[in-house]
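Output the structure for:
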Amino acid sequence: MAIEFTERQRTTIANAITILSAVVIIVAVGALFWIVGAFFVKFSAIFLPVAVAAVAAMVVKPFYEMIRTRLKLGRFPALIMVFLSAIIPMAALGWFFGDLIFDQAKGLIQSCPGWWASAVQWTKVHAPQIEHLLVDTKIGQAAGDAVQGQGDAFVNVLRFMGQRAVSAGAGVISWVGALVCWVVAPIYFAFFLMADTSHIDNLERYIPFLKSETRKDLLYLFKEFFNIIVSFFRGQLVIAFLQGLLFAIGFTIVGLKYGFVIGLTLGFLNIVPYLGNIIGLGTALPLAFFQEDGGLMRVLAVLVVFAVVQMIEGYLLTPKIMGDRTGLHPVVIILAIFFWGSALNGIMGMILAIPLTAFLVVFWRLAREKYMPELV
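Numbers count the residues shown, from 1 in each chain. Alright, predicted model coming up:
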């Protein structure tokens, strides 16, 4: 005897199967991400230079094509022009500001032990509980060793690394291999830059076994991912560079010691959104307080610099340069950085967090509109 279901029962069963299928898909996607993440972590020394070169090539591609078109140059001469257009400004920057950056970086490293001693002494008088954290806990001891360690500590670190390399057997070979991978990164960059991208529009012919509509959707997702990667990094690199200059100038004006090199470093870290600001607040403020002529007024001045630069970035730089290409809320951006940094186990995940999250949002919208029926 066949079992007959009412319309309501059939709807309930269909919804349950749909939900179960969605759970299975989510678990499968999560497992896939875990496997891919573990794979990339295992071979990160190989894939990281390739990924950096590929992203750099995608960002520079319009400039490369402009050189070829306007100057009527071949691929290789245009490639040489691209390299020269990067090397010459960097050499000029090193020529004019190299001594300043080197002297400030050297002075900053040499001043860290004195600042740490001042911080410990100040907390001993004004906040004994914090002094206990700085002196007696493992984290505090590690931080103290990091800033106070001189030549002996450096020798001990080298000796420890040597012992680990010998015990591992292939440690030195592995390190040399990783170095070689970065040395050949310009070759990867040249290959990606000169590669013919016209076949991207013909990707549909490589997947003829799929339905026509599915092929179009896959091509759409691929192009969206490509556009998001290019737009994000092209804009973020410019924003990070300008933020670094603003921080450097602002810190120098308010009298923060070694403010120029600190500002440039924070700008570089802002390639990962908000990373430079977070680290900057945790480093520049204590330095402003504990430097020789520091104090609360110096801290307040540094906070004003942070506020002004953040306002310029939020209301001028990002809207004009980046626009709303990612479509992500700042809270989502921060969560994405932490998630992808953990998922891909490192800085590469943090750098790719925003384009990957933006792509997943695009993928979810497409799947929801075209492939997911209403549950109720």
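
lowest confidence element among the helices and strands of this structure?
Here the helix or strand of the chain ranked lowest by mean pLDDT, DSSP states H and E is helix 151-168, holding a mean of 45.

Give me the helices and strands touching the helix or strand where Val24 lies, please.
Using DSSP states H and E, Val24 sits within helix 7-42. Contacts defined by 3 or more CB pairs under 8 Å, 6 or more residues apart in numbering; DSSP states H and E place helix 7-42 against helix 330-343. The way it works is simple: take the backbone N, C-alpha and C, and place the C-beta from them, glycine included.

For the helix or strand that the helix it packs on is followed by, list the C-alpha coordinates in CSV.
As assigned by DSSP H and E, the chain's next helix or strand after helix 330-343 is helix 347-351. Output of helix 347-351 as CSV, limited to C-alpha atoms (Å, rounded to 0.1, in the frame of the first residue of the first chain):
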residue,chain,number,x,y,z
ILE,A,347,49.6,36.7,6.7
MET,A,348,48.5,35.5,3.3
GLY,A,349,45.1,34.7,4.6
MET,A,350,44.9,38.2,6.2
ILE,A,351,45.9,39.9,2.9
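
Now do the helix holding Val24: distance to the chain's middle.
With CA atoms, centre = their mean, to the nearest Å as the basis, helix 7-42 stands 29 Å off its chain's centre.

The next helix or strand after it vs helix 7-42, what angle?
Beyond helix 7-42 on the C-terminal side, the first helix or strand identified by DSSP H and E is helix 44-71. Interaxial angle, helix 44-71 versus helix 7-42 (axes from the mean of the first three to the mean of the last three CA atoms, to 10 degrees): 90 degrees.

if we can go back for a sec, what angle do helix 330-343 and the helix holding Val24 make with each other?
Orientation check (the same axes, to 10 degrees): helix 7-42 against helix 330-343 gives 60 degrees.

So for helix 7-42, mean pLDDT?
For helix 7-42, the mean per-residue pLDDT is 78.

what's the answer for stretch 56-64, then?
Here the average pLDDT along stretch 56-64 is 85.

Identify each buried residue in it, please.
56-61, 63-64 (16 or more other CB atoms under 10 Å).

want to throw the residues you listed into TSV with distance to Met194?
Formatted as TSV, the buried residues of stretch 56-64 follow (distance: CB to CB, whole Å):
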residue	distance to Met194
Ala56	13
Ala57	9
Met58	13
Val59	15
Val60	11
Lys61	10
Phe63	13
Tyr64	8
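
any idea how far Ala22 is from the residue nearest to Leu210 when sequence neighbours are not counted?
Leaving aside its chain neighbours, Leu210 sits nearest to Leu218 (7.2 Å; criterion: CB to CB, 6 or more residues apart in numbering). For Leu218, the distance to Ala22 (CB to CB, to the nearest Å) stands at 20 Å.
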